[in-house]
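Colleague: when you get a sec, could you give me coordinates for this:
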Amino acid sequence: MALLESVDLDTNNSIGITIINASQAASLDSRLQQEINALGLASARAQQLGAPITSIAKLRGTDHRVYLLSHQLEDGERRIIGLLKTGSKKLFLTDTSHQWHECQCDCVLDFYVAQQYQRRGYGKQLLDAACRLEQRQADQYAYDRPSHKMRGFLSKYFGLNNPLDQANKFLIFPSFFSE
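Modeller: Down below sits the predicted model:
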């Protein structure tokens, strides 16, 4: 399996991040494809969406990247426990002065940690890794339809408050336009 990049997040190598893009999606083994699709479905259910945002099929032909958070089990097998999908979108956004801006934005399109692994810091590790590898701060992303849990997460761990809800259901923060 050819992967774009893999990063270990702890000294025991029990937690890791693997990044895949569209060109790699088809070459992943079927078990990994099924795990990604299952986690995308779980994300959709948690957000009460009609269909998954993240799947191998939806990744093909895009510039999107999926960060996969994996955890090594006691038997040595790695299990995917979270995902974060980023990509570029052309959006019309308003700033704090209600001025419209058309921009090609880096976006967080999907973000999910399996329920049994939530509230352990894995989500923060996942977003921190994406920010570091994409050389961005959390406030430099536009977030697609963030849940109340996501809003609380961004406030608690990244100090992102006073969100600017957009007509297109994306969410940005006041510092988004101060690059």
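Colleague: tell me where the chain has helices.
Modeller: Per DSSP state H, the chain carries helices over the ranges 22-25, 30-46, 56-59, 122-134, 148-158.
Colleague: what packs against the last one?
Modeller: Using 3 or more C-beta pairs under 8 Å, 6 or more residues apart in numbering; DSSP states H and E as the contact definition, the elements that helix 148-158 packs against are helix 122-134. C-beta: built from backbone N, CA, C; applies to glycine.
Colleague: the first one too?
Modeller: Using 3+ C-beta pairs under 8 Å, 6+ apart, the elements in contact with helix 22-25 are helix 56-59.
Colleague: for the helix it packs on, what is the average pLDDT?
Modeller: Averaging pLDDT along helix 56-59 yields 89.
Colleague: which strands or helices does it pack on?
Modeller: helix 22-25, helix 30-46.
Colleague: show me what counts as buried in it.
Modeller: For helix 56-59, a neighbour-count test (16 or more other C-beta atoms under 10 Å) marks 56, 58-59 as buried.
Colleague: do stretch 25-32 as well
Modeller: 25, 28, 32.
Colleague: roughly how far apart are the last one and Gln116?
Modeller: So the one you mean is Leu32. Distance, Leu32 to Gln116, by C-beta to C-beta, to the nearest Å: 20 Å.
Colleague: low-confidence regions, the protein specifically.
Modeller: 1-14, 179 (pLDDT under 70).
Colleague: for it, which strand is longest?
Modeller: If you go by DSSP state E, the chain has its longest strand at strand 78-94.
Colleague: next one: that one to chain centre, how far?
Modeller: Distance, stretch centre to chain centre, for strand 78-94: 4 Å (C-alpha atoms, centre = their mean, to the nearest Å).
Colleague: sheet-wise, list the partners of that strand with their directions.
Modeller: With DSSP bridges as the test, strand 78-94 is paired with strand 65-72 (antiparallel), strand 100-113 (antiparallel).
Colleague: which one of these is the most hemmed in?
Modeller: Mean neighbour count (mean count of other C-beta atoms under 10 Å) peaks for strand 65-72 among the strands paired with strand 78-94, with a mean of 22.
Colleague: which residues are contacting that one?
Modeller: Residues outside strand 65-72 that contact it (C-beta atoms under 8 Å, 6 or more residues apart in numbering): 4, 12-21, 36, 54, 59, 78-87, 113, 117, 122, 125-126, 129-130, 133-134.
Colleague: hmm, 7 Å instead?
Modeller: Strand 65-72 has contacts (C-beta atoms under 7 Å, 6 or more residues apart in numbering) with 13-21, 36, 54, 59, 78-87, 113, 122, 126, 129-130.
Colleague: equivalent analysis for stretch 166-176, please.
Modeller: 91-94, 96, 139-140, 142-146, 160, 162-165.
Colleague: that'll do, ta.
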